[in-house]
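Novice: here is a sequence together with a model predicted from it:
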Amino acid sequence: MRIAVMGTGGVGGYFGGRLAAAGHDVLFVARGRQLDALRAGGLRVLSPLGDVHIPEVQATDDPSGHAPADFVLFGVKLWDTASAAELVKPLLGPDTAVASFQNGVVKDDILRDVLGAEHVVGGVTYIAATIAEPGVIRHSGAMQKLVFGEYDGTSSPRVLAFRDACVDAGIDVEVSERIERAVWEKFVFLVGLSGTTTLARSPIGPIRANPRSRAFLHGVMDEVVQVARAQGVGLPADYADDRMAFVDTVPEGMTSSMHHDIERGNRLEVGWLSGDVVDRGAKHSVPTPNNRAIADMLSVHAGGHAAQGENNADRTGGRTA
Ligand SMILES: NC(=O)C1=CN([C@@H]2O[C@H](COP(=O)(O)OP(=O)(O)OC[C@H]3O[C@@H](n4cnc5c(N)ncnc54)[C@H](OP(=O)(O)O)[C@@H]3O)[C@@H](O)[C@H]2O)C=CC1
Ligand SMILES: CC(C)(CO)C(=O)C(=O)O
């Protein structure tokens, strides 16, 4: 199958690299130094599960003129969603699926607006991967899972074909018949993990061990659960307890991509995570004081070093959707 990767960073580079190494036809959409490095030396993935080097990759910053893809793996930061969706339009054939493995719950609404609902397949990923240097993706730990599925729950040929390609490539994969719920399940955990690790600038171990920060983490996740339920997503009322039990099983050194971003002075996705929870809570009259604290305090850093002190008073970090 012909696969396109929109955004060759931690997520896109890792999974696209595995798929290309397994012999699949993969087009990598990238820009700047990442694109230059891919063209000059190919793509390297450094991983505890085995390194790969694909010396020659198909890489572009302009997909127009390339053949349509069967499946687009969408992996840009949330602020780039709408512009990156515009960029993939030329890759769409009548049955092309676009699955976003971004965090956040607004992503697929943006993709539907730009691309049409018929192209959008739901997705979520569990991995820790980052650009170590241009052309090189570093994967940490053993987790590398893709979950995806049609929003109507059907096992469509395009979803099954991508599942088979992932299995071939050694990717841990699950086709979900209730993908909306799967996306919210991850959102509950991710909003809790990203907000607390970034605010405390600490991995999860000390946060879950301290009774005050543990209670705060539970409160953050519970607010996401109550917002989801108010919107009609079928999570159990006590789902935050389930996620706390999960938190207790992860390595004490685990942290979030947003924690890495704040340490590097990068822009933060907080506006699309806790900030989005606050906005949805306001719409549904669900109190969200813990997420408000995260979003308001991290708004200081939301624009990254380049924008510190500017333009962040609205808590969104530049979120416009
Ligand atoms: N990294 C991780 O471990 C995980 C990340 N996620 C989520 O996945 C999403 C992607 O994260 P991650 O992979 O870390 O992000 P990265 O920043 O590592 O990768 C995104 C890449 O896409 C590029 N890009 C953005 N817009 C364009 C464009 N228009 N044309 C070409 N290239 C473009 C970026 O370029 P540039 O640098 O120039 O902006 C960057 O190289 C986020 O929503 C994140 O929360 C989810 C699970 C785990
Ligand atoms: C929690 C984790 C590492 C799981 O994939 C993640 O999604 C992130 O930090 O962005």
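Specialist: Arrived safely, thanks for sending. Numbers count the residues shown, from 1 in each chain. Ligands and ions are numbered 1, 2, ... in the order given.
Novice: show me the contacts for whichever residue of the chain sits closest to ligand 1.
Specialist: With Cβ to the nearest ligand atom as the measure, residue 9 is the residue of the chain nearest to ligand 1, at 1.6 Å. From N, CA and C alone the C-beta is placed, and that goes for glycine too. Residues near residue 9 by Cβ atoms under 8 Å, 6 or more residues apart in numbering: 34, 75, 76, 77, 130, 131, 137.
Novice: where do the strands sit along the stretch 51-200 of the chain?
Specialist: Taking DSSP state E, counting those that start in this stretch to define them, one finds strands in the stretch 51-200 of the chain at 52-54, 58-60, 69-74, 92-100, 120-133, 136-149, 172-175.
Novice: TSV for these, including mean pLDDT, mean neighbour count and distance to ligand 1?
Specialist: Listed next are the strands of the stretch 51-200 of the chain as TSV, based on pLDDT from 0 to 100; neighbours: other Cβ atoms under 10 Å; distance: least, Cβ to the nearest ligand atom, whole Å:
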stretch	mean pLDDT	mean neighbour count	distance to ligand 1
strand 52-54	98	18	17
strand 58-60	98	19	9
strand 69-74	98	26	9
strand 92-100	98	20	8
strand 120-133	97	21	5
strand 136-149	97	20	8
strand 172-175	98	16	13
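Novice: circling back: redo the contacts of residue 9 as a markdown table? Include distance to residue 103.
Specialist: What follows is these, written out as a markdown table (distance: Cβ to Cβ, whole Å):
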| residue | distance to residue 103 |
| --- | --- |
| 34 | 20 |
| 75 | 10 |
| 76 | 11 |
| 77 | 9 |
| 130 | 14 |
| 131 | 17 |
| 137 | 18 |
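Novice: residue 222: which of those is nearest?
Specialist: residue 77 (26.7 Å; Cβ to Cβ).
Novice: how near is the nearest residue in space to the closest one that is not next to it in sequence to ligand 2?
Specialist: Sequence neighbours aside, residue 269 is the residue nearest to residue 77 in space, at 6.3 Å (criterion: Cβ to Cβ, 6 or more residues apart in numbering). Going from residue 269 to ligand 2 by Cβ to the nearest ligand atom, to the nearest Å gives 8 Å.
Novice: quick check: residue 269 touching residue 259?
Specialist: No - at 11.4 Å, residue 269 does not count as touching residue 259 under the criterion of Cβ atoms under 8 Å.
Novice: quick check: neighbours shared by the two?
Specialist: Shared contacts of residue 269 and residue 259, counting by Cβ under 8 Å, 6+ apart, come down to residue 194.
Novice: who's more crowded, the two?
Specialist: Neighbour totals were compared for residue 269 and residue 259, and residue 269 leads with 27 against 23 (other Cβ atoms under 10 Å).
Novice: quick one: contacts for residue 30?
Specialist: Contacts of residue 30 were listed using Cβ under 8 Å, 6+ apart, and they are 7, 8, 38, 59, 60, 61.
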